[in-house]
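Sequence and computational prediction follow.
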Amino acid sequence: MDVNLLPFFEWSEASWIGNAIRDSLWLFPVIEAIHLLGLCVLGGSILVVDLRMLGAGLRNTPIGQLARDVRPWLVASVAVMLLTGTALFASEAIKCYYNTSFWVKMTTLPFALLFTFTVRQRIAQMAGINTSARTRLVALASIALWFTVAAAGRWIGFS
Amino acid sequence: MSILAFLEWVGQTPWSIALHESLYMYPLLESTHVMALGWFVGLAVMFDLRLLGWTFRTVPTTEFTSRLLPWVQAGFAVMFVTGLLLFYAIPVRNYQNIFFRVKMIMLVLAVLNIWYFHNRTERSIGEWDTQARPPQAARVAAVASILLWLSIVVAGRMIAYNWFDCDIQPQSDFINWAAGCVVPLPP
């Protein structure tokens, strides 16, 4: 299968969002700053539960309850990241097309999201106060996935 | 010796130049600094949300201070060391960057906020440890913490932009004063 995605990237770059951000001196920095603030909340929401599933952090609180409590913040930060990320992408879509880090990020991101809202969520809900090999494995996979997304995302700017 | 003269000397040391010009070390340090945000600021914000009573309402606050705080502190250590090295790589440019200066001022305020919370507000934690909504003093500290740390993140990101750099003149008198630019007097 050979799909040419370049036209989609060109269309994104030529969209009014892409143009508006490129034409503005401060729009890109502001959107990027919000993207970073989203990263903070997302990182905290993910890590507080992953640490717990590894047997560290808030160990007296059942895993499922922790995951439930933090869920609105997790969902909200993911939404902020996706919205601002799409806007940032539109402003430099062609650059992204030829950027390896971008493709690494876009390949990992769907897995990270899918894993977080299916496997990890289910395992966290079923888990009680004790950790197990399963919760630890899920936490490590979660940290590895989101670490890759964040690292590749930062590296888009370097290349 | 003035701070500026000292930093000009620091910027001429071989290790500073090597770090500044390195192909991978500098970007690696910067990436570590940025990604540790999700760790340090992220977990700090989780703590603040508990102090506000916005979530984790049934988790005792002492759970956070005793079990989560070491992880927040470890994250801060990573931020601090990488931040110090990033400054060391380009000392003069950072020192004369207005966003860097704003960031440092807010960093001091954030530390004062922590100091006050730890030495005053937290003293009575035994009385409100399990309250879903901690007392007002704790909630004020949490709001201050969130606002300060998020502003620090934004100011830190803005250091990358050279809009107000000293070597880009003319700038307004206020900018030159606030950034500590040494501007030659017109002939």
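Nice, I can see it.

Tell me where chain B has helices.
Residue ranges of the helices in chain B, as given by DSSP state H, are B:3-11, B:14-21, B:25-52, B:61-63, B:69-89, B:91-95, B:98-119, B:125-128, B:136-158, B:173-178.

quick one: pLDDT of the residue in chain B positioned nearest to chain A?
Nearest residue of chain B to chain A, counting by C-beta to the nearest C-beta: B:G38, 1.8 Å away. Quick note: C-beta positions are derived from backbone N, CA and C, even for glycine. For B:G38, the model assigns a pLDDT of 90.

cool, and B:P184?
pLDDT, read off for B:P184, is 72.

Pull the number of nearby residues for it.
The number of residues packed near B:P184 is 6, by other C-beta atoms under 10 Å in any protein chain shown.

report the angle between the axes of the longest helix along chain A and helix B:25-52?
Scanning chain A for the helix with the most residues, using DSSP H, yields helix A:63-91. On the basis of axes from the mean of the first three to the mean of the last three C-alpha atoms, to 10 degrees, helix A:63-91 is oriented at 130 degrees to helix B:25-52.

can you give me the offset of helix A:63-91 from its chain's centre?
7 Å (C-alpha atoms, centre = their mean, to the nearest Å).

how about low-confidence regions in chain A?
A:1 (pLDDT under 70).

Which residue would be the closest one in chain A to chain B?
For chain A, C-beta to the nearest C-beta, closest residue to chain B: A:G43, 1.8 Å.

before we move on, back to that, look up how far B:A89 lies from the residue of chain B closest to chain A.
23 Å (C-beta to C-beta, to the nearest Å).

Which residue, neighbours along the chain excluded, lies closest to residue 158?
Assuming you mean chain A. Nearest non-adjacent residue to A:F158, counting by C-beta to C-beta, 6 or more residues apart in numbering or on different chains: B:P27, 4.9 Å away.

Switch to chain B, please.
Nearest one to B:M158, counting by C-beta to C-beta, 6+ apart, is B:F99 at 4.0 Å.

Is it correct that the one you found is in contact with B:Y161?
Yes - if you go by C-beta atoms under 8 Å, B:F99 and B:Y161 touch, sitting 7.5 Å apart.

Looking at the two, which is more packed in?
B:F99 (19 against 14).

got the residues of chain B near chain A?
By the rule C-beta under 8 Å from any C-beta of the partner chain, the part of chain B lying against chain A is B:27, B:30-31, B:34-35, B:37-39, B:41-46, B:49, B:55-60, B:63-64, B:67-68, B:71, B:149-150, B:153-154, B:157-158, B:161, B:163.

Near A:T100, how many other residues are there?
11.

likewise B:Y26?
B:Y26, neighbours per other C-beta under 10 Å, totals 18.

and it, how far is that from A:R122?
41 Å.

same deal with B:A110?
38 Å.

Between these two, tell me which one has more neighbours.
Comparing B:A110 with A:R122 by other C-beta under 10 Å, the one with more neighbours is B:A110, at 18 against 11.

Which residue is the nearest non-sequential neighbour of the more buried one?
B:L148 (4.2 Å).

Help me confirm that that neighbour comes into contact with B:M106.
Yes - under the criterion of C-beta under 8 Å, B:L148 makes contact with B:M106 at 5.4 Å.
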